[in-house]
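J.: from the sequence below, what's the structure:
(4 chains)
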2 protein chains.
Amino acid sequence: MAAVNLKELAKILNLSISTVSKALRDSHEIGASTKERVLAKAKELDYSPNPFASGLRRNKSKTVAVVVPEVANNYFALAINGIESVAQEKDYHVLIYLTHEDFEKEKRIMKHLENKRVDGILMSVTMHTNQCDHLFDIQQKGIPIVMFDRICHEIETAKITTDDYISGMNATKHLIDNGAKDIAFLSLGDEVSIVQKRKSGFLEELEKNNIVTAPNRIVNCNDSDESNYQKIKNLLKGKQRPDAIFASVEKLATTTYEVCKELKINIPQDLKIICFSNLATASLLSPSLSTITQPAYEIGKTAAEVMFKYLDKNKTYIPNENIVLHSTLFIRDSSQNLSK
Amino acid sequence: MAAVNLKELAKILNLSISTVSKALRDSHEIGASTKERVLAKAKELDYSPNPFASGLRRNKSKTVAVVVPEVANNYFALAINGIESVAQEKDYHVLIYLTHEDFEKEKRIMKHLENKRVDGILMSVTMHTNQCDHLFDIQQKGIPIVMFDRICHEIETAKITTDDYISGMNATKHLIDNGAKDIAFLSLGDEVSIVQKRKSGFLEELEKNNIVTAPNRIVNCNDSDESNYQKIKNLLKGKQRPDAIFASVEKLATTTYEVCKELKINIPQDLKIICFSNLATASLLSPSLSTITQPAYEIGKTAAEVMFKYLDKNKTYIPNENIVLHSTLFIRDSSQNLSK
DNA sequence: AGTATTTACGAAAACGTTTGCGTATTGTGT
DNA sequence: ACACAATACGCAAACGTTTTCGTAAATACT
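T.: Model prediction:
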């Protein structure tokens, strides 16, 4: 019942507390036979060190925090999956905090983490995060941050991203190759690093093909489904609607599907769609959705590995480093010129 | 930089450590003016109590663990969402552990939690969890468990579930009403509490309608996508295939969609499908998928609220209680008799 | 005025570890 | 035989809180 602690263990073994402690940590100061005796008894009594006592003493929490906008999102869910798997292997614990795209909440969460509750933070910022003082403060307190996907350039640390610029180009090229002449880009907040890069790739590819886009072809969406629905509907309901859509994030593509359903627009005949997405059911949609899919699990895994690389060395400072993984283009029906 | 602690704060304020501590905790022992002075200085210097010291002293972690099979799953993601939202409100922290349907891993995780790292555990067991000693042990150590969805009946505690039996009946009735005469049930491990109830509802409704089902109409699936794919393919490829499928979990429905794609079986003309699911894109599938949808967010929220109800009262024992929330039947195209 | 009570604070122990240092015992080298 | 080093262990401080108790000073009561 009452968990046994070092003191009781020591008493039972007729040893001092320090000897038992050192034996358990396999110190060279302790003889082999005593070590065995201690280990055996500890196992027998199911001893497990109190994490608060040892955390207090060693100033280590054996815990990392994951701070992300959402969890009910295929990308972040997979990333968390990757993070958790390496954490579990490393005997670390994973705290999770959701910002729900609320910048103020992100700041509050950071404030809560300043007191060394965690040894490190893995995070993706909200779409409204336009300055990084709160991250800077955390770093100043000696808590390292590793950023993934939605990063802050200003913060000096390791950043795991995907080749969003190239992917943006590739996806755009694919649409053009399939006959698109007037492509709209569904953006998501000007601040978001990855969306910027995706858009740059999009614009670059257009320019390469000498296509000029009207400003209203860049639709700036946000985190409100209803508002986005209206914006997309406005874009598509007129006579002069675009013939293709490049959605910067998954949610905007599914919303577009819904709008098309209402407006009775046929995909891909009347409108081609491609988007960044980790949707497991992309191929089951009607029509199947073409996607640029990020290696979300690997991104999480890599972020965690980088973090532990420094934590293992007791390094609280992580130098600038950009790790770029590759996304994969999955061409399905929604983006193809099926008439040919 | 170096976080300020009570000792330094006390020195600066020319007060004793205990006075400062009490002032911060708003003790009646401290005068109003000193309280103000302390609060002001604490805020100014950004004081935040060391969670390990206070955790050690008070034997409280202000942390709960969430132990679930997966996170890349709409249901669990939403449930986590619910849990996290009330935890954040209560100033609690949320640790997350994924079992990946591995019973041994579940046991290891529980072992890791025995040392009071958390004040409570919210969990859904793996599909292979067929005995509960590991949960019993945790309870014995004074750590309360609240179970949701996939519960263990043997464990005495609060359990949050949905009306799976009724939902199973309703879904079955709906299929029958739409002309189904030979319905197959895709099960998932005999141990899983919720699947049992869903199956019972299914069988009960069949009986009510005097439909007898061949034993091979109950297909026992597992956590291997490939294996499930084959099992479902075997079920559907013959001449004598069923005319409807009731999938106990989302993944089995999407796998069925894939099989139908390969076998060129038309849904719902040749085969009707309904399943338990929290898929956000159910209505966008081809055809749109009829679902019984659980209030996943509310389930998580309720589980957390029950947990905190007891934690707030310092109660480590949670009496048996069954809280049942209601699922909603969303009838879409995949299950309907569209020919009529 | 003298005693009892309340108010406001400080001293110190405790939570369970980890770790630097001291020391008794044993072993090694001349 | 001696000094000296290595081995194996114990003592006690420290980590930063919380909390019990003690006690001056201030107030209240007879």
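J.: what segments of chain A are helices?
T.: A:6-13, A:17-24, A:32-44, A:51-58, A:74-89, A:103-113, A:133-140, A:164-177, A:193-208, A:225-237, A:250-263, A:296-312 (DSSP state H).
J.: the ones you listed: which one's closest to residue B:333?
T.: helix A:250-263 (12.0 Å; CB to CB). Any C-beta I mention is one placed from the backbone N, CA and C, and that applies to glycine too.
J.: neighbouring contacts of the closest one?
T.: A:73-75, A:186, A:188, A:221, A:225, A:228-229, A:232-233, A:236-237, A:245, A:247, A:265-267, A:271, A:273-279, A:285, A:289, A:291, B:280-281, B:283-284 (CB atoms under 8 Å, 6 or more residues apart in numbering or on different chains).
J.: from the chain's centroid, how far away is stretch A:185-203?
T.: How far stretch A:185-203 lies from its chain's middle: 17 Å, per CA atoms, centre = their mean, to the nearest Å.
J.: domain boundaries for chain A, per the record?
T.: If you go by automatic domain parsing, the domain ranges for chain A are A:6-48, A:57-161+A:296-326, A:164-293+A:329-335.
J.: looking at those, which is closest to DNA strand C?
T.: Of all these, it is domain A:6-48 that lies closest to DNA strand C, at 2.9 Å by CB to the nearest atom of the strand.
J.: dump the residue contacts of the closest residue to chain B within the stretch 201-340 of chain A.
T.: Residue nearest to chain B within the stretch 201-340 of chain A (CB to the nearest CB): residue A:286, separated by 2.9 Å. For residue A:286, the contacting residues are B:284-288, by CB under 8 Å, 6+ apart.
J.: what parts of chain A come near DNA strand D?
T.: By CB under 7 Å from any atom of the strand, the residues of chain A that approach DNA strand D are A:14-19, A:29-34, A:53, A:56-57, A:59.
J.: please produce a PyMOL select command covering the buried subset of those.
T.: Buried members of these, defined by 16 or more other CB atoms under 10 Å in any protein chain shown, are picked up in PyMOL with:
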select buried, chain A and resi 15+19+30+53+56
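J.: go through the residues of chain A next to DNA strand D and name the one nearest chain B.
T.: After measuring the residues of chain A next to DNA strand D against chain B - CB to the nearest CB - the closest member comes out as residue A:56, at 3.9 Å.
J.: could you count how many residues lie near the spatially closest residue to the closest one that is not a sequence neighbour?
T.: Once flanking residues are discounted, residue A:56 sits nearest to residue B:52: 3.9 Å by CB to CB, 6 or more residues apart in numbering or on different chains. Number of residues near residue B:52 (other CB atoms under 10 Å in any protein chain shown) recorded here: 24.
J.: I'd say residue B:52 and residue A:50 touch.
T.: No. Checked against CB atoms under 8 Å, the pair residue B:52 and residue A:50 is beyond contact range at 9.8 Å.
J.: just to revisit the earlier point, now list the buried members of the contacts of helix A:250-263.
T.: A:73-75, A:186, A:188, A:221, A:228-229, A:232-233, A:236, A:245, A:247, A:265, A:267, A:271, A:273-279, A:285, A:289, A:291, B:280-281, B:283-284.
J.: so which of those are in strands?
T.: Secondary structure from DSSP state E places A:186, A:188, A:221, A:245, A:247, A:273-276, A:291 of the buried ones among the contacts of helix A:250-263 in strands.
J.: ok, which pair from those is furthest apart?
T.: Greatest spatial distance among these (CB to CB): A:221 and A:291, at 17.6 Å.
J.: contact residues of chain A facing DNA strand C?
T.: Checking chain A against DNA strand C by CB under 7 Å from any atom of the strand, the hits are A:5-7, A:17-18, A:21-22, A:24-25, A:29, A:47, A:49-50, A:53-54, A:56-58.
J.: quick revisit: of the residues of chain A next to DNA strand D, just say which sits nearest to residue B:146.
T.: Nearest to residue B:146 among those, counting by CB to CB, is residue A:53 at 27.0 Å.
J.: quick one: that closest one and residue B:56 touch, right?
T.: Yes. With contact defined as CB under 8 Å, residue A:53 reaches residue B:56; the gap is 5.3 Å.
J.: can you pull the pLDDT of residue A:216?
T.: In this model, residue A:216 is scored at 84, pLDDT.
J.: grab the nearest non-local neighbour of it.
T.: Closest residue to residue A:216 apart from its sequence neighbours, by CB to CB, 6+ apart: residue A:235 at 7.6 Å.
J.: ok, now which ones touch the one you found?
T.: If a contact means CB under 8 Å, 6+ apart, then residue A:235 has A:184, A:216, A:219, A:241-242 as its contacts.
J.: please apply the same query to residue A:291.
T.: By CB under 8 Å, 6+ apart, the neighbours of residue A:291 are A:250, A:274-279, A:282, A:329-330, A:332.
J.: if it is in a bridge, with which residues?
T.: residue A:275, residue A:330 (DSSP bridges).
J.: measure it to residue B:238 for me?
T.: For residue A:291, the distance to residue B:238 equals 34 Å [CB to CB, to the nearest Å].
J.: excluding covalently adjacent residues, which one is nearest to the residue in the stretch 101-250 of chain A that chain B sits nearest to?
T.: Relative to chain B, the nearest point of the stretch 101-250 of chain A is residue A:115 (4.0 Å; CB to the nearest CB). Setting aside the residues directly before and after it, residue A:115 is nearest to residue B:48 in space (CB to CB, 6+ apart), at 4.0 Å.
J.: same check on residue A:213?
T.: Nearest in space to residue A:213, with sequence neighbours left out and distances taken as CB to CB, 6+ apart, is residue A:206 at 5.8 Å.
J.: pull the number of nearby residues for the one you found.
T.: 20.
J.: which parts of the stretch 201-340 of chain A sit against chain B?
T.: Within the stretch 201-340 of chain A, the positions near chain B by CB under 8 Å from any CB of the partner chain are A:254, A:257-258, A:261, A:279-281, A:283-288.
J.: residue B:40: which of the contacts of residue A:291 is nearest?
T.: Using CB to CB, residue A:250 comes nearest to residue B:40 of these, at 47.4 Å.
J.: wait, doesn't residue A:179 sit right on residue A:335?
T.: No. Judged on CB under 8 Å, residue A:179 makes no contact with residue A:335 at a distance of 10.3 Å.
J.: these two: which has the busier surroundings?
T.: Neighbours per residue, other CB under 10 Å: of residue A:179 and residue A:335, the larger number sits with residue A:335, 30 against 14.
J.: what sits against the more buried one?
T.: Residue A:335 is in contact with A:174-175, A:178, A:244, A:268, A:272-274, A:290, counting by CB under 8 Å, 6+ apart.
J.: so where's chain A uncertain?
T.: A:1-2, A:339-340 (pLDDT under 70).
J.: got phi/psi on the residue of it most remote from its centre?
T.: The centre of chain A is farthest from one residue, residue A:14, which by CA atoms, centre = their mean lies 50.7 Å away. Residue A:14 has phi and psi values of phi 60, psi 40 when expressed as degrees, to the nearest 10.
J.: for residue A:319, same thing?
T.: Torsion angles at residue A:319 (phi, psi; degrees, to the nearest 10) stand at phi -70, psi 160.
J.: so what's the residue count around the closest residue in space to residue A:333 that isn't next to it in sequence?
T.: The shortest distance from residue A:333 to any residue other than its chain neighbours is 3.8 Å, reached at residue A:287 (CB to CB, 6+ apart). Residue A:287 is flanked by 20 other residues according to other CB under 10 Å.
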